[in-house]
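Enquirer: need the 3D shape of this:
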Amino acid sequence: MIYRHAETDHTIDLHPNPDGTLTARIGEATYTVEVEERGGDLLLTVDGQPVRARVAGQGEQRHVAVIGAEAAVFTLERLTRRSSRRAARPANAGDLAAQMPGQVMAVEVAEGDAVTAGQTLLVLEAMKMEMRITAPFDGQVVRILVEPGQTVERGQQVIEVAATEA
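Expert: Numbering: from 1, shown residues only. All right, here's what the predicted structure looks like:
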């Protein structure tokens, strides 16, 4: 499978092992992964290191929230081999939405600001963890649709970014 994260394509291959673990190959790196589902969370052990995550799907996108000391949210888009070669973004690619219900803790940019891929735009809190919504590409903030303290629903558009022309 090929997934895109932050404008970079990653090839991910999973192979089950006789002992119930998985061998995960991501690019050139190989990991041994144990997976247990508990209460909607995935309890993973990756090369002996515990990781707790929650995954939500929306079309070809997967939102992965890593829970714990190094909390983070990643949005992965599943691609076909053909679509991974395309550089074009959908027309609404800069319309960023909340991955789950939560509260806006901080807005770290203003309308008109230039932003770079991966830059934090705003911070949401959901289920006692902070999730950072980041710029998917270099661009400019067009609209901010929320303010600190506001509660948002899953899928609600929170900010719009226009790509910088190359």
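
Enquirer: which element follows the lowest-mean-pLDDT helix or strand in the chain toward the C-terminus?
Expert: The weakest-scoring helix or strand in the chain, judged by mean pLDDT, DSSP states H and E, is helix 81-84 (a mean of 46). As assigned by DSSP states H and E, the chain's next helix or strand after helix 81-84 is strand 95-97.

Enquirer: for the helix or strand that that next one is followed by, what is the average pLDDT?
Expert: Downstream of strand 95-97, the next assigned helix or strand under DSSP H and E is strand 102-107. The average pLDDT for strand 102-107 rounds to 92.

Enquirer: what helices and strands are in contact with the helix or strand following strand 102-107?
Expert: Next along the chain after strand 102-107, taking DSSP H and E as the criterion, comes strand 114-115. When contacts are defined as 3 or more Cβ pairs under 8 Å, 6 or more residues apart in numbering; DSSP states H and E, strand 114-115 sits against strand 139-144. The way it works is simple: take the backbone N, C-alpha and C, and place the C-beta from them, glycine included.

Enquirer: now residue 99. Nearest residue, chain neighbours left out?
Expert: Excluding the flanking residues, the one nearest residue 99 by Cβ to Cβ, 6 or more residues apart in numbering is residue 63, at 4.0 Å.

Enquirer: so which strand or helix has that neighbour?
Expert: Residue 63 belongs to strand 61-67, assigned by DSSP H and E.

Enquirer: mind giving me the packing neighbours of that strand?
Expert: strand 49-58, strand 72-79, strand 129-134.

Enquirer: and residue 155, which of the ones you listed is closest to it?
Expert: Among the helices and strands packed on strand 61-67, the nearest to residue 155 by Cβ to Cβ is strand 49-58 (7.1 Å).

Enquirer: mean confidence for the helix or strand encompassing residue 43?
Expert: Counting by DSSP H and E, the element that carries residue 43 is strand 41-46. Across strand 41-46, pLDDT averages out at 88.
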